[in-house]
Structures are given as C-alpha cells and as structure tokens.
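Novice: Pasting a predicted model and its sequence here:
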Amino acid sequence: MVPRSLDVETSSSLWLDAVRTTLSIDDDVAAVLDRLRKARKVSLKQLINEALRRGLQEMNKKTPRREMFITRARALGRLRIGSLDNIAEAVAIAEDESFK
C-alpha cells in the first residue's frame, strides 16, 4: 500500500485502520515517556496513545468560569510629599533622609 498525504481532518474519515506517523519528540518528553514505558511495561505506541487520549480529553474540557476578583479602593490619606515627579526626592523622603 502506498502512503497517501492527507490532512488530519480527512484522515479519520478515510482511513479506518491505524495511521502511521513520525513524531519529533523533545528530549525531556522522550525521557519521561521512556521512564513511564519501563515502569508500566507497555509499548511506546500504547503509552503515546494513552498520553494523547488523556491530553486531548483534557484540552477539550471547558475551563470553569472564574469568579471575577475585585480590588476595593482604600483611602490612604493625603500624599506626604509634594510630587512624585522626582523619584530621588520620593525615595529620600521614604527612607527618612534629608533631600538636598
């Protein structure tokens, strides 16, 4: 059988048997896969298929809507220095130094 070049969307509807694909896996992922494969005593194919199924299932989940966080304003009193335009002056005042 001659391999055909198909896009992912049509491959599942045209091929009913397994699809052979070459994957380029990063070193860190390969190390984890190898460790899991040895620990579970399964084939690399089985492990990758399980990982993909779990990952795709997780990616398809709708993320729960977060409750909006509101920061309430507080009155801190008047500004204790004349202006924040001169940062050196503001730091000197904050550190209780005399500014010249």
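Specialist: Thanks, I have it.
Novice: can you tell me the helix or strand for the residue positioned nearest the centre of the chain?
Specialist: With distances taken as Cα atoms, centre = their mean, the residue of the chain nearest its centroid is Met59 (11.2 Å). Assigned by DSSP states H and E, Met59 belongs to helix 44-60.
Novice: List the buried residues for that helix?
Specialist: Neighbour-count burial for helix 44-60, counted by 16 or more other Cβ atoms under 10 Å, picks out 47-48. From N, CA and C alone the C-beta is placed, and that goes for glycine too.
Novice: Restrict it to CA atoms and write it as PDB.
Specialist: Extracted C-alpha coordinates of helix 44-60, given in PDB (Å, rounded to 0.1, in the frame of the first residue of the first chain):
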ATOM      1  CA  LEU A  44       5.900   3.000  23.300                       C
ATOM      2  CA  LYS A  45       2.900   3.000  21.000                       C
ATOM      3  CA  GLN A  46       0.500   2.200  23.800                       C
ATOM      4  CA  LEU A  47       2.000   4.800  26.100                       C
ATOM      5  CA  ILE A  48       1.900   7.600  23.500                       C
ATOM      6  CA  ASN A  49      -1.700   6.700  22.500                       C
ATOM      7  CA  GLU A  50      -2.800   6.800  26.200                       C
ATOM      8  CA  ALA A  51      -1.000  10.100  26.700                       C
ATOM      9  CA  LEU A  52      -2.500  11.600  23.600                       C
ATOM     10  CA  ARG A  53      -6.000  10.500  24.600                       C
ATOM     11  CA  ARG A  54      -5.700  11.900  28.100                       C
ATOM     12  CA  GLY A  55      -4.200  15.100  26.900                       C
ATOM     13  CA  LEU A  56      -6.700  15.600  24.200                       C
ATOM     14  CA  GLN A  57      -9.600  14.900  26.600                       C
ATOM     15  CA  GLU A  58      -8.100  17.500  29.000                       C
ATOM     16  CA  MET A  59      -7.700  20.000  26.200                       C
ATOM     17  CA  ASN A  60     -11.300  19.500  25.100                       C
END
